[in-house]
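# What follows is a predicted structure for the sequence shown.
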Amino acid sequence: MSDTPEDLRHEIRQWLADNAPGDWRDQSTHEGFVASQRAWFAQLVAAGYAVPHWPGEWPGGGRSLAEQKIIYEELARADTPRLLLSFVSTYHAAATLMECASKEQAAHYLPRILKGETWCQGFSEPGAGSDLAAIRTKAVRRGDVYVVSGQKIWSTMAQYADMCLLLVRTSSEGAKQAGMTYLLMDMTLPGVSVRPIHQIQGDEEFAEIFLDEVEIPVSQRVGEEGAGWAVAQATLASERGLTLMELSYRMRGAMTRLVSEIAGTDRTEDRGVLRDLGALATRVDAVCALADRFLQKRMEDEEKIGDASVVKLAYARCLRAWAEMGVTLSGLSGQLHAPITYGDLNSGNWMADFMNSYAWTIAGGSDEVQRNIIAERMLGMPREPRGWKLEAGQ
Ligand SMILES: Cc1cc2nc3c(=O)[nH]c(=O)nc-3n(C[C@H](O)[C@H](O)[C@H](O)COP(=O)(O)OP(=O)(O)OC[C@H]3O[C@@H](n4cnc5c(N)ncnc54)[C@H](O)[C@@H]3O)c2cc1C
């Protein structure tokens, strides 16, 4: 490990100059995308840059906040692909295994994640998204197994996943949250079927998972039966917190793409364009600063309810403004569509990035729900009435 943060910057910059994949936007098939993601992840693991947020006993883990920032900054600066395929494995699954699983479970799965095992998150259902406690996928204990039937939806990369973080209902007694249990499901078990969902921008980043009498060993349960809600909070906290730092830095790195749209054209003389770009750059910087401060608080154990929601909301809104500016500045050529555009904001295709930017206003908890959390739980404003419905015309 490098002696000072600046040594680390030098070291990773050098490594990226030799290793950053240059051709990742040229993938024209899903198989090509998956292969390139796996190869890049393996390279990052070998170099010790894949999981800087993991504890120190793991290769590349145990990095300070300053070091994590440098790694994310340099990966963004070198315009490397975001690891969409390993996202759930290295953040959500890892956080859950480290914080809530048994020692045996963590010791079994964490090394496999570093070897490239892919995980997906099976929380949402057609009738349970914002109101996650409404899940209906049912698990009945029969001896040493839970027999699980139901349906999950919007599961990112589930079609490529080896394992799934699965939230199920083991009881319908008492509070909705009390009857939930958390399982680790092998995606190859009999009764599991996966159907990719075709998205507006032409990709298939997530999928539906159908579960028909799937037998999951009881040993694959995380925490006690009925304690799934608390475990799920650990998974979600990682989604709304840590990942946003990486994403914010990537957005700042990608500002150069925006600027290159007008470089060499007479639009650099257009005061309106320059003003808008300047305002956006400041906003992107502010999101990075919010993400930094959030992580600092978390590392110092000072995180408060709603802190993660502030970062999530600010990031999602700013990403939309960023992509919108890209579409505006790129003119007609920005409408062209590359065949594969995975990568949220860094796909190389403005229109796809614009359409994708809306996903972040929903994924990991919608903007409206984040606002509710900030208003009610941070600012102490009155709670929304229970059970309200939107009337026609409202
Ligand atoms: C790109 C992407 C990736 C995702 N990946 C995963 C994944 O890997 N695994 C997984 O389990 N899920 C995943 N999801 C699902 C995501 O968690 C849900 O979409 C999200 O929680 C919202 O739930 P919903 O889609 O059911 O919408 P609903 O909850 O039905 O909401 C519909 C609308 O009503 C609004 N609304 C709902 N309740 C309130 C309220 N109380 N007050 C005000 N407004 C409200 C919402 O803000 C929204 O605008 C993903 C979603 C996206 C977009």
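On my side now, so go ahead.

# Okay, and the beta partners of whichever residue of the stretch 201-350 of the chain sits closest to the ligand?
Residue of the stretch 201-350 of the chain nearest the ligand, by Cβ to the nearest ligand atom: F206 (5.3 Å). For every residue, glycine as well, the C-beta is placed using N, CA and C. Bridge pairing for F206 (DSSP bridges) gives the partners T156, I197.

# That one against A161, yeah?
No: F206 lies out of contact with A161 (Cβ atoms under 8 Å); the separation is 10.7 Å.

# Show me the contact partners of stretch 17-24.
Contacts with stretch 17-24, where a contact means Cβ atoms under 8 Å, 6 or more residues apart in numbering, come from S36, A39, W40, Q43, A47, A78, D79, T80, P81.

# Quick check: what element follows the helix or strand encompassing I216 along the chain?
According to DSSP states H and E, I216 maps onto strand 206-217. With elements assigned by DSSP H and E, the helix or strand that comes after strand 206-217 is strand 221-222.

# what comes up buried for whatever helix or strand comes next after that following strand?
Following strand 221-222 in sequence order, the next helix or strand is helix 228-240 (DSSP H and E). For helix 228-240, burial by neighbour count (16 or more other Cβ atoms under 10 Å) applies to G228, W229, V231, A232, A234, T235, L236, A237, S238, E239, R240.

# Kindly identify which of those also come near the ligand.
Applying Cβ under 6 Å from any ligand atom, the subset of the buried residues of helix 228-240 adjacent to the ligand is empty.

# Kindly reformat those residues as CSV containing distance to G191 and pLDDT.
Putting the buried residues of helix 228-240 into CSV (distance: Cβ to Cβ, whole Å; pLDDT from 0 to 100) gives the following:
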residue, distance to G191, pLDDT
G228, 20, 97
W229, 25, 97
V231, 23, 97
A232, 22, 96
A234, 27, 88
T235, 23, 91
L236, 26, 87
A237, 30, 79
S238, 28, 73
E239, 27, 67
R240, 31, 67
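
# before we move on, back to that, for the strand holding I216, which residues meet the burial criterion?
Across strand 206-217, burial judged by 16+ other Cβ under 10 Å covers F206, A207, E208, I209, F210, L211, V214, I216.

# contacting residues around the closest residue to the ligand within the chain?
Using Cβ to the nearest ligand atom, the single residue of the chain nearest to the ligand is G129, 1.9 Å away. By Cβ under 8 Å, 6+ apart, the residues touching G129 are W154, S366.

# Which pLDDT value belongs to it?
G129 is assigned 95 on the pLDDT scale.

# where does the biggest helix by length in the chain sit relative to the chain's centre, distance-wise?
Counting by DSSP state H, the longest helix found in the chain is helix 271-299. Here helix 271-299 is found 19 Å from its chain centre; the criterion is Cα atoms, centre = their mean, to the nearest Å.

# buried residues in whichever helix or strand comes after that helix?
Scanning forward in sequence from helix 271-299 by DSSP H and E, the next helix or strand is helix 307-330. When neighbours are counted by 16+ other Cβ under 10 Å, the buried residues of helix 307-330 are found to be 307-320, 322-327, 329-330.

# and helix 307-330, is it in reach of the ligand?
No: applying Cβ under 6 Å from any ligand atom, one finds helix 307-330 separated from the ligand by no less than 10.4 Å.

# between that helix and helix 271-299, how big is the angle?
Computed by axes from the mean of the first three to the mean of the last three Cα atoms, to 10 degrees, the angle separating helix 307-330 from helix 271-299 equals 160 degrees.

# so what does helix 307-330 touch, helix or strand wise?
Applying 3 or more Cβ pairs under 8 Å, 6 or more residues apart in numbering; DSSP states H and E, we find helix 307-330 packed against helix 228-240, helix 242-253, helix 255-262, helix 271-299, helix 350-357, helix 367-372.

# tell me which parts of the stretch 51-200 of the chain are close to the ligand?
Within reach of the ligand by Cβ under 6 Å from any ligand atom, the stretch 51-200 of the chain has these residues: C120, Q121, G122, F123, S124, G129, S130, W154, S155, T156.

# okay, these in TSV with secondary structure next?
As requested, these are exported to TSV (DSSP: H, G, I helix; E, B strand; the rest coil):
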residue	secondary structure
C120	strand
Q121	strand
G122	strand
F123	coil
S124	coil
G129	coil
S130	coil
W154	strand
S155	strand
T156	strand
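
# How many residues are close by A47?
15 (other Cβ atoms under 10 Å).

# contacting residues around it?
W15, N19, G60.

# Let's see that with 7 Å instead.
Neighbour list for A47: W15 [criterion: Cβ atoms under 7 Å, 6 or more residues apart in numbering].

# Excluding covalently adjacent residues, which one is nearest to D307?
Nearest non-adjacent residue to D307, counting by Cβ to Cβ, 6 or more residues apart in numbering: F294, 5.5 Å away.

# The one you found - how many residues pack around it?
So F294, with other Cβ under 10 Å, has 23 neighbours.

# isn't it right up against K304?
No: taking Cβ atoms under 7 Å as the definition, F294 is not a contact partner of K304, at 10.2 Å.
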